[in-house]
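> Structure, please.
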Amino acid sequence: MIQSELERLSQRSERQLRELEYECIRFLELRNRLAQSLDEAERERLEGDLYAQLTQLESAAEVARQGMDAVSEALPDEG
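Numbering: from 1, shown residues only. Alright, predicted model coming up:
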């Protein structure tokens with residue numbers, strides 16, 4: 001029972017970490033695009049997208065952190 005619950009939590013945590021990785025990549029892509037020569041309208045749009053992406057990144061990080069905490073809490077005590 002404990003093992004199956006731990007496996008379920010671990011799989012969920014892994015999915016959450018992959019989502020966080022995706023959000024990080026998306027953030028870096030936006031940063032790289034902002035480093036290019038852009039007209040003012042495109043730059044403003046990308047800055048807005050980057051701000052929104054930071055919010056998404058924060059959310060994904062919190063979910064991933066909670067998932068990792070759940071896995072840690074489910075581990076049997078070593079004592």
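> Please count neighbours and contacts with C-alpha atoms only from this point.
Noted.
> mind checking the SS state of the spatially most central residue of the chain?
Taking CA atoms, centre = their mean, the centroid of the chain lies closest to residue 20, which sits 1.9 Å from it. Judged by DSSP: H, G, I helix; E, B strand; the rest coil, the three-state class of residue 20 is helix.
> how far away is it from residue 41?
Look at residue 20 and residue 41: by CA to CA, to the nearest Å, they are 29 Å apart.
> For the nearest residue to residue 50 once chain neighbours are set aside, the count of nearby residues, please.
With CA to CA, 6 or more residues apart in numbering as the criterion, residue 50 has its nearest non-adjacent residue at 6.2 Å, and that residue is residue 30. Using other CA atoms under 10 Å, residue 30 is surrounded by 17 other residues.
> Within the helices and strands, which one has residue 30?
Taking DSSP states H and E as the criterion, the element that holds residue 30 is helix 2-34.
> Give the buried residues for that helix.
For helix 2-34, burial by neighbour count (16 or more other CA atoms under 10 Å) applies to 6, 9-10, 12-13, 16-17, 19-20, 23-24, 26-27, 30, 34.
> if you average pLDDT over it, what comes out?
Across helix 2-34, the average pLDDT comes to 92.
> ok now it, how far from the chain's centre?
Between the centre of helix 2-34 and the centre of its chain there are 5 Å (CA atoms, centre = their mean, to the nearest Å).
> Beyond that helix, next helix or strand please.
Using DSSP H and E, the helix or strand that follows helix 2-34 towards the C-terminus is helix 40-74.
> What is that following helix packed up against?
With contacts defined as 3 or more CA pairs under 8 Å, 6 or more residues apart in numbering; DSSP states H and E, helix 40-74 has these neighbours: helix 2-34.
> Can you check what angle separates the helix it packs on from helix 40-74?
In terms of direction (axes from the mean of the first three to the mean of the last three CA atoms, to 10 degrees), helix 2-34 departs from helix 40-74 by 160 degrees.
> quick revisit: the residue nearest to residue 50 against residue 46, yeah?
Yes. Here residue 30 reaches residue 46: they are 6.9 Å apart, a contact under CA atoms under 8 Å.
> Mutual contacts of the two, please.
Common neighbours of residue 30 and residue 46 (criterion: CA atoms under 8 Å, 6 or more residues apart in numbering): none identified.
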